[in-house]
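Peer 1: Show me the folded form of this:
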Amino acid sequence: MITKISTSKAPAAIGPYSQAISTGSMLYTSGQLGINPENGELEGADVTAQAEQVMKNLGAVLEEAGTNFDNIVKTTCFLADMADFAAFNAVYSKYITSAPARSCVAVKTLPKNALVEVEAIAVIE
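Peer 2: Modelled structure (predicted):
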């Protein structure tokens, strides 16, 4: 069974996709940007502020699905500028402490000209 996950505590999808999909005991999130769900705007102009909001959004989606950061098994992180790697890691490591598998790549452009986006795969217990 496939279940669509949606919460108002994270930004609504800006395209034809779900915030997350669960199937069995697995959760697959869509990429989360640093958009404040209350006003639909990017939170802050630097990677630190946006990464904080990304993690809050990701946490809200995980919670809605009945899981949490500790159950993440894989993340994919997208940065607009690899020079932001250390600043991003400082925020990431506050929220994701279980050291899941991870990919982190620089991309040419993110939606809304965001500086960071993170997607995750987690176990639902």
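
Peer 1: tally of neighbours for Lys112?
Peer 2: 15 (other Cβ atoms under 10 Å). Yep, even glycine has a C-beta here, placed from its N, CA and C like the rest.

Peer 1: cool, Val118 as well?
Peer 2: 27.

Peer 1: Specify the beta-bridge partners of it.
Peer 2: Under DSSP bridges, the beta-bridge partners of Val118 are Gln32, Cys77.

Peer 1: repeat for Ile72
Peer 2: Applying DSSP bridges, one finds that Ile72 bridges with Ala122.

Peer 1: That one and Ala13, how far apart?
Peer 2: Separation of Ile72 from Ala13 (Cβ to Cβ, to the nearest Å): 20 Å.

Peer 1: and these two? which has more neighbours close in?
Peer 2: Ile72 (25 against 12).

Peer 1: hang on, isn't the more buried one packed against Pro100?
Peer 2: Yes: in this structure, Ile72 is within contact of Pro100 by Cβ atoms under 8 Å, at 4.7 Å.

Peer 1: what touches both of the two?
Peer 2: Ala120 (Cβ atoms under 8 Å, 6 or more residues apart in numbering).

Peer 1: what number of residues lie near Thr75?
Peer 2: So Thr75, with other Cβ under 10 Å, has 20 neighbours.

Peer 1: got a list of what it touches?
Peer 2: Each residue near Thr75 by Cβ under 8 Å, 6+ apart is listed here: 96, 100-103, 118-121.

Peer 1: Ala65 too?
Peer 2: Contacts of Ala65 (Cβ under 8 Å, 6+ apart): 5, 20, 22, 27, 122, 124.

Peer 1: Wait, a strand at the fourth one?
Peer 2: This points to Leu27. Yes: counting by DSSP: H, G, I helix; E, B strand; the rest coil, Leu27 is found in a strand.

Peer 1: do you know how far Asn71 is from Ile35?
Peer 2: 24 Å.

Peer 1: between the two, which one's more packed in?
Peer 2: For Asn71 and Ile35, the more surrounded residue by other Cβ under 10 Å is Ile35, and the numbers stand at 22 against 19.
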